[in-house]
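# Give me the fold of what follows.
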Amino acid sequence: MDIQFNKNEDAMKMAWSQVRQKLEKIYEGGGAKAALKQKEKNKLTARQRIAYLCDPNTPFTEIGAFAGYEMYEEYGGCPAGGTVSGIGYVSGRQCIIVANDQTVKAGAWFPITGKKNLRMQEIAMENKLPVIYIVDSAGVFLPMQDEIFPDKEHFGRIFRNNAKMSAMGITQIAAVTGACVAGGAYLPIMSDETLMVEGAGSIFLAGPYLVKAAIGEDIDAETLGGAATHNELSGIADYKFKTEEECLDQVKKIISRLGKPTLAGFDRVTPVEPKPAKDQLFGIMSEGNTKPYDMLQMIDCLTDADSFDEFKKDYGKTIVCGYARIDGWAVGIVANQRLIVKSKKGEMQLGGVIYNDSADKAARFIMNCNQKKIPLVFLQDVTGFMVGSRSEHSGIIKDGAKLVNAVANSVVPKITIIIGNSYGAGNYAMCGKAYDPRFIYAWPTAKIAVMGGEQAARTMLQIEVGAMKAKGKEVTAEEEKAFLEKITDKYTKQTKPEYAAARLWVDAIIDPAETRSVISEGIKAADHNADIAEFKTGVFQV
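Numbers count the residues shown, from 1 in each chain. Below you'll find the predicted structure:
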């Protein structure tokens with residue numbers, strides 16, 4: 001093992017360590033004092049509830065832990081978007097779990113909370129997974145009500161999805177462990193079954209203070225909408241329990257009785273570990289991703305030993321395509337090659353750039369995987385499509401459109417891992433967020449932007465300086481340098497994976513060593529939906 005490998009390994013592990021430190025802070029939710037208040041009320045925190053609910057020694061794939069990261073600072077922040085959510089195993093079944101975090105602003109809904117909950121419902125609908133809501137929320141965060149309440153993808157969409165999911169036959173269970181107020185009261189009632197904890201859970205359209213203000217009635221929360229009221233009088237709830245643990249035990253029982261789903265039937269054999277040692281993955285990419293590397297080495301570290309069969313090996317070399325197995329699952333891999341390669345014509349091709357032949361090859365391969373019902377895995381490290389007169393005259397837009405068309409119309413599950421760069425139209429062609437991957441994850445080394453940082457900063461600088469000169473103002477070299485540094489700092493922050501994860505452009509930032517696991521869990525989830533549409537590409541230029 002050479003010195004460069006060791007440097008690369010140290011840099012990658014340091015990058016993950018920094019992400020991990022931020023996650024540890026996020027996991028604290030509203031902080032130790034808020035968690036202590038929960039304990040004093042004999043209530044568990046959101047993460048404790050999920051830990052109790054999930055089967056021991058099974059993976060929990062958290063989605064959206066970075067949601068809201070460094071957003072809403074004027075309100076004290078919103079760790080994890082005020083909810084903890086992901087895919088876990090309950091009574092042996094993969095389930096979507098969404099738990100309000102009462103320690104964060106009493107579980108109030110910020111705009112990102114709504115977006116995160118809608119994402120979890122989207123995952124449930126795409127993969128036909130049962131949903132468990134653990135409800136403990138004060139409702140909409142009123143100072144931002146205009147950004148969460150009225151629009152199509154806002155708060156009300158949650159309840160619309162409740163109805164749609166029920167019509168699809170997707171089981172939804174609501175465990176009401178705390179407040180469930182105003183519009184939020186519809187969520188448990190639109191679920192299949194509603195469970196409440198006595199003395200803690202409450203459901204009402206208006207709380208005691210609002211009732212007093214509206215009609216002058218004096219009433220306490222328990223009498224107005226507690227567990228006894230809704231189990232004995234209104235009939236809204238189905239069960240009541242003295243403790244949260246008893247409530248969650250009943251959820252486990254309900255899930256244990258669900259009928260077995262009809263599976264899509266994606267092929268899986270006994271998993272085989274990759275040939276390279278697990279830590280080999282960390283030493284391939286250079287610090288800052290500034291040097292070329294061989295994507296085939298990455299693929300070897302991620303796929304079952306001796307399972308990778310490369311497609312059109314000698315054609316379109318800046319994209320690697322091939323069939324393989326990951327944790328036993330059959331997959332089709334589409335990956336950007338970062339080596340500078342030589343074409344048959346003798347010309348050099350830049351790594352990470354999509355050329356005409358690469359786009360053509362990848363489009364054909366994606367069609368093949370759809371024909372064979374093989375899930376697709378995209379490994380992104382792309383700087384965009386090749387530019388210039390030669391590429392334009394060769395029809396790069398046509399070939400790029402062909403690839404984008406194939407990705408957009410693909411009907412098999414798509415799982416995207418952003419390893420390094422994800423720039424411009426390359427993000428789209430390699431199944432970025434806009435192209436409906438079932439799951440999309442980022443490594444700590446990911447960079448997502450319309451173009452590379454240096455190019456973007458210099459482009460914006462030219463616009464800024466040009467505008468100032470047009471007004472007759474002279475710009476000194478020192479001023480240009482200061483402008484460039486300011487723009488670069490801002491742009492660099494916006495390209496970081498934390499920035500993307502905060503806005504749910506990616507589902508999570510993952511430890512590279514867990515890549516095989518998250519892909520495997522993603523395909524297992526996707527296998528629950530047997531309804532695969534016919535693959536059609538529509539009209540495109542060949």
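
# lowest-pLDDT helix or strand in the protein?
Counting by mean pLDDT, DSSP states H and E, the weakest-scoring helix or strand in the chain turns out to be helix 389-393, with a mean of 74.

# For the helix or strand following that one, what is the distance to the chain centroid?
The first helix or strand that comes after helix 389-393 along the chain, using DSSP states H and E, is helix 396-409. Offset of helix 396-409 from its chain centre (Cα atoms, centre = their mean, to the nearest Å): 24 Å.

# Please point out which parts of stretch 326-338 sit buried.
Of the residues in stretch 326-338, those buried under the neighbour-count criterion (16 or more other Cβ atoms under 10 Å) are 326-327, 329-338. Using the backbone N, CA and C atoms, a C-beta is placed for each residue, glycine as well.

# Hmm, I typed the wrong one, I wanted stretch 494-503.
Within stretch 494-503, the residues that count as buried by 16+ other Cβ under 10 Å are 495-503.

# And for stretch 87-106?
87-91, 93-106.

# again, but for stretch 278-295
Buried positions in stretch 278-295, judged by neighbour count with 16+ other Cβ under 10 Å: 280-286, 289, 293, 295.

# List of residues touching it?
Here stretch 278-295 makes contact (Cβ atoms under 8 Å, 6 or more residues apart in numbering) with 1, 4-9, 11-13, 297-298, 301-302, 320, 335-340, 351, 379, 381, 419-421, 445, 447, 512-513, 515.

# End to end on that stretch, go ahead and measure it.
Across stretch 278-295, the straight-line distance between its terminal residues is 16 Å, by Cα to Cα, to the nearest Å.

# try stretch 57-73
Between the opening and closing residues of stretch 57-73 lies a distance of 36 Å (Cα to Cα).

# per-residue confidence averaged over it?
Stretch 57-73 shows an average pLDDT of 97 in the prediction.

# Could you list the residues in contact with stretch 509-521?
Judged by Cβ under 8 Å, 6+ apart, the contacts made with stretch 509-521 from elsewhere in the structure are 12, 16, 19-20, 59, 61, 66, 87, 94, 271, 274, 278-279, 281-282, 302, 326-329, 331, 377, 415, 417, 419, 439, 441-444, 446, 497-498, 501, 508.

# Look at residue 390 and say how many residues are nearby.
11 (other Cβ atoms under 10 Å).

# and what of residue 513?
15.

# on that earlier part again, PyMOL command to pick out the buried ones of the contacts of stretch 278-295?
The buried subset of the contacts of stretch 278-295, as determined by 16+ other Cβ under 10 Å, is captured in PyMOL by this line:
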select buried, resi 8+9+11+12+13+297+298+301+302+320+335+336+337+338+339+351+379+381+419+420+421+445+447+512+515
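
# Could you tell me which of the contacts of stretch 278-295 belong to strands?
Secondary-structure check on the contacts of stretch 278-295 using DSSP state E: residues within strands are 320, 335-336, 379, 381, 419-421, 447.

# Mind checking which of the contacts of stretch 509-521 land in strands?
Checked against DSSP E, the contacts of stretch 509-521 include these in strands: 61, 87, 94, 326, 329, 331, 377, 415, 417, 419, 439, 441-442, 508.

# Which members of these define the maximum pairwise distance?
94 and 419 (25.7 Å; Cβ to Cβ).

# contacting residues around the least confident helix or strand of the chain?
355-356, 385.

# can we see that at 7 Å?
Contact partners of helix 389-393, identified using Cβ atoms under 7 Å, 6 or more residues apart in numbering, comprise residue 356.

# and it, which residues are buried?
residue 391.

# again, but for stretch 479-488
Buried-residue list, stretch 479-488, by 16+ other Cβ under 10 Å: 483-484, 487-488.

# Tell me the residue in this protein that is farthest from the middle.
Note on the chain: the largest C-alpha distance from the chain mean falls to residue 472, namely 47.6 Å (Cα atoms, centre = their mean).

# Which residues does the residue nearest to residue 508 when sequence neighbours are not counted form beta bridges with?
Distance criterion Cβ to Cβ, 6 or more residues apart in numbering; nearest residue to residue 508, sequence neighbours excluded, is residue 441 at 5.5 Å. With beta bridges defined as DSSP bridges, residue 441 has these partners: residue 417, residue 508.

# Report how many residues lie close to residue 441.
With neighbours defined by other Cβ under 10 Å, the count for residue 441 comes to 26.

# Can you read off the pLDDT for it?
98.

# repeat for residue 541
What the model reports as pLDDT for residue 541 is 62.

# Okay, strands next: where are they in the stretch 1-150 of the chain?
61-62, 83-90, 93-100, 131-137 (DSSP state E, counting those that start in this stretch).

# between those, which gets nearest to residue 307?
Counting by Cβ to Cβ, and looking across all of the strands of the stretch 1-150 of the chain, nearest comes strand 61-62 at 23.0 Å.

# and that closest one, which strands flank it?
Strand pairing (DSSP bridges) places strand 61-62 next to strand 83-90 (antiparallel).

# so how far is the strand it pairs with off the chain centroid?
The chain centroid and the centroid of strand 83-90 are separated by 13 Å, computed with Cα atoms, centre = their mean.

# how about CSV for the buried residues of stretch 278-295, with pLDDT and distance to residue 157 added?
Putting the buried residues of stretch 278-295 into CSV (pLDDT from 0 to 100; distance: Cβ to Cβ, whole Å) gives the following:
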residue, pLDDT, distance to residue 157
280, 92, 44
281, 94, 39
282, 96, 40
283, 95, 44
284, 96, 41
285, 95, 39
286, 94, 43
289, 93, 37
293, 95, 42
295, 97, 39
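
# first to last residue in stretch 160-174, what's the distance?
The distance separating the two terminal residues of stretch 160-174, taken as Cα to Cα, comes to 16 Å.

# contacts for it?
Stretch 160-174 is touched from outside by 121, 124-125, 128, 130-133, 135, 187-188, 190-195, 251, 254, 258, with contacts defined as Cβ under 7 Å, 6+ apart.

# can you rerun that using 6 Å?
Applying Cβ atoms under 6 Å, 6 or more residues apart in numbering, the external contacts of stretch 160-174 come out as 121, 124-125, 128, 130-133, 135, 188, 190-194, 251, 254.

# Of the residues you listed, which belong to helices?
When the contacts of stretch 160-174 are checked against helices using DSSP state H, the ones located there are 121, 124-125, 188, 251, 254.

# List the buried residues of stretch 300-318.
So, applying 16+ other Cβ under 10 Å, buried residues of stretch 300-318: 300-304, 307-308, 311-312, 316-318.

# on that earlier part again, distance to residue 213 added to the strands of the stretch 1-150 of the chain, as TSV?
Converted to TSV, those look like this (distance: least, Cβ to Cβ, whole Å):
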stretch	distance to residue 213
strand 61-62	40
strand 83-90	29
strand 93-100	25
strand 131-137	21
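
# on that earlier part again, now, the buried residues of stretch 278-295 that are in helices?
residue 295.
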